[in-house]
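Asks: I would like to see how this sequence folds:
(2 chains)
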Amino acid sequence: MRQEERDARNPAYTHIEEPDEPTAGHPTQRVWDMLGWTKKHLFSSIPNTIATLVCLYLLWLIIPPFLDWAFLSAIWSSDTPDACKVDGAGACWAFVEQKHRFILFGLYPFDEQWRPMTAVVLFIAALAASCYPPFWSKWLIPLWAVVLTVCGVLMYGGVFGMTYVDNTQWGGVPLTLILSVTGIGLAFPLAVLLALGRRSNLPAIKTICVTFIELIRGVPLISVLFMASIMFPLFMPEGVTVDKLLRAIVGIMLFTSAYLAEAIRGGLQSLPRGQYEAADSLGLSYWQKTRLIVLPQALRIVIPPLVNQFISTFKDTSLVIIIGLFDLLTSAKTALADPEWRQFYAESYIFAAILYFSFAFFMSRYSQFLERRLNAGTRR
Amino acid sequence: MADHSSARGAPAAKGSAPPRKTSFLNDQRVRGVLYQILTIGAVVAVGWYLVHNTLTNLAARDIATGFGFLDREAGFDISESVIEYSPADTYGRVLLAGLLNTLKVSIIGIVLATLIGTIIGIARLSNNWLVAKLSSVYVEAMRNVPLLLQLFFWYAIIGVALPHPREALEPVEGWFLSNRGFRFPYPVWETGWTLAVIGLVLAAVITWWLNKRAARIQGETGRRPNVLIPGIALFIGLPVILWALGGAPTAIDVPEMAGFNFRGGASVSPEFAALLLGLTLYTAAFIAEIVRGGILSVHYGQTEAAVALGLKRGLVMRLVLLPQALRVIIPPLTSQYLNLTKNSSLAIAIGYPDLVATANTSINQTGQAVEGVAIIMATYLTVSLSISAFMNWYNSYIALRGGRS
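Replies: Below you'll find the model as predicted:
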């Protein structure tokens, strides 16, 4: 329910006064409307007025010094940190200017950084295209296959005259995106199987799936990453080594799949029983029923929780700092290791936070949009 | 799947089934059994393969298996501990100290996050535009930035922005804020103080009982006996009387500068403060959304009815909306509590000695990776299951009292 609708219907949230009539036209009238709005939404009662004044006072305490620090007194450009160390200097965005290549791309060879840059741009373009409903078609699958291949080629190199860059040198934004996308992409099919398995009536399969899901959901991601990074080498036969990136991806995949499975199970449970019975009466086999009737409807229902889980996984990839991978957060933190620039931690973390925020905020708004769009047909 | 196989499998089981028309392998029941055997076989095979490799690798690296290392001397120190700990103690004890640190930060965090989250969740529904907008800005900002980044930020603020102990901020006489943490005066602990704490607990229990009794009397006679004044009297009186009985200790340990750091008083370390701040503010944003959703889920007819009865806004919220919203709120709130507890494992990144951090050091020193990770996982599973069990009990408790509409 939208805020306005609720306000209009629910007397606890609005005051029982006459609603402001939408009156058009005359400028004086508009001023009166604005004053009326202010009175109704900010000064309708004594406690309300006190709340407004307290909020205004807090804003007055926070906003002007922050604006002064972040913009007015900020040092936007400088080759050395000395300019930022004078008295009264605000934010040192010169730090970001100096270090942005390192924060964005980590240890990737400096002269080759156009490659991860292109890969990221290409990837974001493909993502944007896939989010636009008129483009939803089967063509997206080959599109993604091509985009991911091109991204992989750009990152690794070794062909078309590009030098080979090992994945131990990858870092920054590309690595964060790789971890999130491959983690989620690989987790998804596993999650569908787990969710189906949990709803199965074959006791052995159900037990295995329930155990896996509850075990993973009961422990923190760090312990799963530890398992992937410390114990994985022990699991492999002698002589076989698995690189660090792949180990992290496996850890994130296992962790995400358990949570996705629970979201998908919600969708499976919310399907009316009649759908299952209708499919049975048509004589469909279990897999036909699942593929043609159950999953298309169930997955549609759970798109919003799935997107929420994607946001979580995206944020959780920052934990790979603990097993020594060089993602966006690690590079933002490592950029501060330079003793000259050490004191500008706020600038570094704010820069990284803005990047994380943009992705996550976009995804959460997109999920709300999808929710409205998908409910459009069924809204009462 | 459930409907399918039982529908076709059941008649065969009764023995009165018509002769089987399909081949043996197409029978649903037989297939079900086969699938299960295959799955179990695959899981056991993979498990055996992994265990076999692990044992071979461990043997090759000369690492003993088993939990015997827990009794050996740990040899490393940790920066803070709830229980007495020194490097001469065993690995078992250092892990216990780590676990207690985890529980300490989780429990305090859960209480604070619930308080802040509830306030912000209600504030988002306020009809004051400014209050509602500010709360939603808070929620969006907190939810969309990784917790670990926030922890680094708070830790950096405490470590870099606060002055050295020599120039520590002293907002109140004897209370010091510096980059070594927060130090404040603390009573020298004697029997009197313990008795005072017992008095507080007793006062809480008796007030709770008085409240129940008042509600019962109100239900029977329509008059509600006053609880507020006896409650306040109990909360002040009982601890003071018991404190006096315990010898009325008055000695207070005030921190003072000694060399490069403080001595005396009680302290909160920068690591603990950063972790608690980060966990609380982050989880509060999620709890706020849950509280808001729960309140919105209560039918607006309930509010109208309450307003029609002449209840004030605050009473509408406290007596009508929140009790009904709680039923919707409790299950997702439980998973937020679990998340907070699990997220406290990020402590390792800023150097707070929690369970994961101490286990990690133990693993590095002994090489007992399998046992170490197993201990971490088993402990978190136990904690998670206990919190779930408690919250499920609480959920059924309030569900019963509320009844179903």
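
Asks: residues near A:Val307, how many?
Replies: 18 (other CB atoms under 10 Å in any protein chain shown). Placement of C-beta: from N, CA and C, glycine included.

Asks: from what I see, it and A:Gln368 are in contact.
Replies: No: using CB atoms under 8 Å, A:Val307 makes no contact with A:Gln368, being 9.1 Å away.

Asks: check the gap between B:Gln324 and B:Gly294 for me.
Replies: 9 Å (CB to CB, to the nearest Å).

Asks: equivalent analysis for B:Trp175, please.
Replies: For B:Trp175 relative to B:Gly294 (CB to CB), the value is 38 Å.

Asks: which of the two has more neighbours?
Replies: Neighbour count, other CB under 10 Å: between B:Trp175 and B:Gly294, B:Gly294 has more, with 21 against 16.

Asks: do you know the pLDDT at the more buried one?
Replies: pLDDT recorded at B:Gly294 is 88.

Asks: so who does it touch?
Replies: B:Ala325, B:Leu326, B:Val328, B:Ile329 (CB atoms under 8 Å, 6 or more residues apart in numbering or on different chains).

Asks: can we see that at 10 Å?
Replies: B:Gly121, B:Leu321, B:Leu322, B:Gln324, B:Ala325, B:Leu326, B:Arg327, B:Val328, B:Ile329, B:Ile330, B:Pro332, B:Leu333 (CB atoms under 10 Å, 6 or more residues apart in numbering or on different chains).

Asks: check the gap between the residue of the stretch 51-200 of chain A found nearest chain B and B:Ser135 for me.
Replies: At 4.6 Å from chain B, A:Cys55 is the closest residue in the stretch 51-200 of chain A, using CB to the nearest CB. Using CB to CB, A:Cys55 is found at 10 Å from B:Ser135.

Asks: overlap in contacts of these two?
Replies: Going by CB under 10 Å, 6+ apart, residues that sit against A:Cys55 and also against B:Ser135 are B:Ala123.

Asks: just want to know which of those two has more residues nearby.
Replies: Taking neighbours as other CB under 10 Å, A:Cys55 and B:Ser135 compare with B:Ser135 leading, 22 against 19.

Asks: quick one: mean pLDDT for the helix or strand hosting the more buried one?
Replies: Using DSSP states H and E, B:Ser135 sits in helix B:129-143. For helix B:129-143, mean pLDDT rounds to 90.

Asks: could you say what helices and strands it packs with?
Replies: Contacts defined by 3 or more CB pairs under 10 Å, 6 or more residues apart in numbering or on different chains; DSSP states H and E place helix B:129-143 against helix A:27-42, helix A:46-67, helix A:303-316, helix A:345-375, helix B:91-124, helix B:270-297.

Asks: of the ones you listed, which approaches A:Gly218 most closely?
Replies: With respect to A:Gly218, and counting by CB to CB, the nearest of the helices and strands packed on helix B:129-143 is helix B:91-124 at 14.4 Å.

Asks: what angle do the closest one and helix A:46-67 make?
Replies: In terms of direction (axes from the mean of the first three to the mean of the last three CA atoms, to 10 degrees), helix B:91-124 departs from helix A:46-67 by 120 degrees.
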